[in-house]
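In: Sequence and predicted structure below; questions after.
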2 protein chains.
Amino acid sequence: MASPSPPSPQFFTPHDLRLACRNGTHNTTTSFTTPTVQCNLLVLPSRYASSFTQLCERNPVSCPLLYSTRVGSPTTPLAPGANLTTDLPRYNVYKDGKLLTPHGIISVEEYWTKDHVGFLIGCSFSFEWALSAAGFPPKNSLCTPVKCVPMFRTRIPLSPAGEFTAGCVVVSMRAYKERDLAEVRRITRAFRRQHGEPVAWGWEGARILGIEEKVRKGIVDFGEWVEIDGDAGEIPVFWGCGVTPQVAVMESEIEGVVISHVPGCMFVTDVPVEEEMSNLKLWSAEFM
Amino acid sequence: MASPSPPSPQFFTPHDLRLACRNGTHNTTTSFTTPTVQCNLLVLPSRYASSFTQLCERNPVSCPLLYSTRVGSPTTPLAPGANLTTDLPRYNVYKDGKLLTPHGIISVEEYWTKDHVGFLIGCSFSFEWALSAAGFPPKNSLCTPVKCVPMFRTRIPLSPAGEFTAGCVVVSMRAYKERDLAEVRRITRAFRRQHGEPVAWGWEGARILGIEEKVRKGIVDFGEWVEIDGDAGEIPVFWGCGVTPQVAVMESEIEGVVISHVPGCMFVTDVPVEEEMSNLKLWSAEFM
């Protein structure tokens, strides 16, 4: 008799998933479809906290800031008991803009100092359950094994803020039938701090974003490629993506140690998406 | 003996200026340097109010929403007693996307129906006094007669919201010496709901915005051209501009009557800029 399979990720509770990440036995949150808010993580030396907060304020579609930690404290009321230095599947660590950990690491306890501030930024994974529930599951979640969404760096610049003067908008892509576009826009529009409705769609949208060739050839900048079936009437649909601030920080020559999640390896909170949506100001950052 | 000149605009109070606009005896707010908040106006049929509010939320640098009126009421607590149908210098009126008033008109009383909602959006004129006070007066304000700032349509798309799926970011341009850039950024950065710090600068910035050729040749889309003196070390500096939502609305095939100000002909409020800056939530829109 075959040994039982490990539980499918969607059967974890958020708490159990975080524990599995802490123990190193689980390594992605892609297609983890429990409807609690998932977040991008970015950890900066405190002297950059004010500028980074304004970067988020000025680019809310790419960088919807949900919470910033107290200086030095890797905890958050979005998931009481969680530890931001251990409870994400994998992390990237940079020093003076250079990646120290090319394969990702499963704990950053040794890097998070008393001078670091953690920022939690909304993630489009938070609305994938709503798309699935409405009969529009993202194709990447139907793959076996599940794939991470494809992500692309566009040519659209961010609005600068203080030291953060570089970087372009990053988008995630999901293919949908053109006739479903209005409904897909409507569903995701409600997720105002999880990137909301798409920023562009179709091949003309890809052209405007400056990524038509990459999308036609399936050359992703992050995540995994998922086919677009033009014969079935599918077009690419592009949403804002929380990898954007990561790229902005890397390209802005920030000094010191910076920590982020590996794309697709998010922080899963305990906050039901519905609650977050009805309390847009509740989790406002301390640095606002 | 020559007859006395009319008072220079900066010696009007906001109230007197609005009355002069109402009477048709004054026709610009450019270089009106009293430090009260100036606003862009956009008036839409009420069925578009929710989408337009989200357009502002998703594009806060271009479209910093300060206030939206009650349906049908052209009044605002930002200037008690003022009438938004008469107190701006000049208006544009559009029907089904077509401009009805190519030369602007001085009152829109006959167009503002019980179904219209007015949106007041922050304007960079609000920070010109601060630049002047710090020794960095915009060159356009030093011209005789004063000029309106040059404005350009960029290739940077807005984040769509509902019906508003078209339009690109519009920027105002002021030339500054490169060595003054950091200080000019710092001063305007504080004006978070008046477009804040620049979105781009220098010739590389112009290239990224897709307007290098227009700026080099002095071909403006709105406002008036003001020379950039490269020999004196000047570079172009670009700020977000409240003409952006006007262009977005015009290009999004909105049905019915839409009203806006003529670029450079703003609504001058009674709100001291300092007060607005310290009460970022005070004037929040009713439709948020």
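Out: Alright, I've got the coordinates.

In: Near chain B, which residues of the stretch 101-250 of chain A? Just list them.
Out: Contact residues (C-beta under 8 Å from any C-beta of the partner chain) of the stretch 101-250 of chain A with chain B: A:155-157, A:159-162, A:189, A:192, A:196-200, A:208-209, A:240. No exception for glycine: its C-beta is placed from N, CA and C like everyone else's.

In: give me the number of residues near the closest residue to A:Gly72 other than its chain neighbours?
Out: Once flanking residues are discounted, A:Gly72 sits nearest to A:Lys114: 4.0 Å by C-beta to C-beta, 6 or more residues apart in numbering or on different chains. Close neighbours of A:Lys114, defined as other C-beta atoms under 10 Å in any protein chain shown, add up to 8.

In: Give me the buried entries from the residues of the stretch 101-250 of chain A next to chain B.
Out: Buried subset of these (neighbour count, 16 or more other C-beta atoms under 10 Å in any protein chain shown): A:156-157, A:159-162, A:189, A:192, A:196-200, A:208-209, A:240.

In: Can you list which of the residues you listed are found in helices?
Out: Among these, the members falling in helices (DSSP state H) are A:Arg189, A:Ile208, A:Leu209.

In: Nearest to A:Asn27 among these?
Out: A:Leu209 (29.8 Å; C-beta to C-beta).

In: Wait, that closest one touches A:Thr154, no?
Out: Yes - the pair A:Leu209 and A:Thr154 qualifies as a contact (C-beta atoms under 8 Å) at a distance of 4.1 Å.

In: Overlap in contacts, these two.
Out: Shared contacts of A:Leu209 and A:Thr154, defined by C-beta atoms under 8 Å, 6 or more residues apart in numbering or on different chains, are found at A:Val169, A:Val171.

In: What residues are bridge-paired with A:Phe238?
Out: A:Met173, A:Ala200 (DSSP bridges).

In: tell me the contacts of it?
Out: By C-beta under 8 Å, 6+ apart, the neighbours of A:Phe238 are A:Phe152, A:Val171, A:Ser172, A:Met173, A:Pro198, A:Val199, A:Ala200, A:Trp201, A:Gly205, A:Ala206, A:Leu209.

In: Repeat the analysis, applying 7 Å as the threshold.
Out: Neighbouring residues of A:Phe238 by C-beta atoms under 7 Å, 6 or more residues apart in numbering or on different chains: A:Val171, A:Met173, A:Pro198, A:Val199, A:Ala200, A:Trp201, A:Gly205, A:Leu209.

In: could you check the distance from the residue in the stretch 1-150 of chain A positioned nearest to chain B over to B:Val199?
Out: Residue of the stretch 1-150 of chain A nearest chain B, by C-beta to the nearest C-beta: A:Val61 (4.6 Å). According to C-beta to C-beta, to the nearest Å, A:Val61 and B:Val199 sit 15 Å apart.

In: Which residue does the stretch 101-250 of chain A have closest to chain B?
Out: Nearest residue of the stretch 101-250 of chain A to chain B (C-beta to the nearest C-beta) works out as A:Ser159 at 4.6 Å.

In: from memory that residue sits against A:Pro60, does it?
Out: No - A:Ser159 is beyond contact range of A:Pro60, at 10.1 Å (criterion: C-beta atoms under 7 Å).
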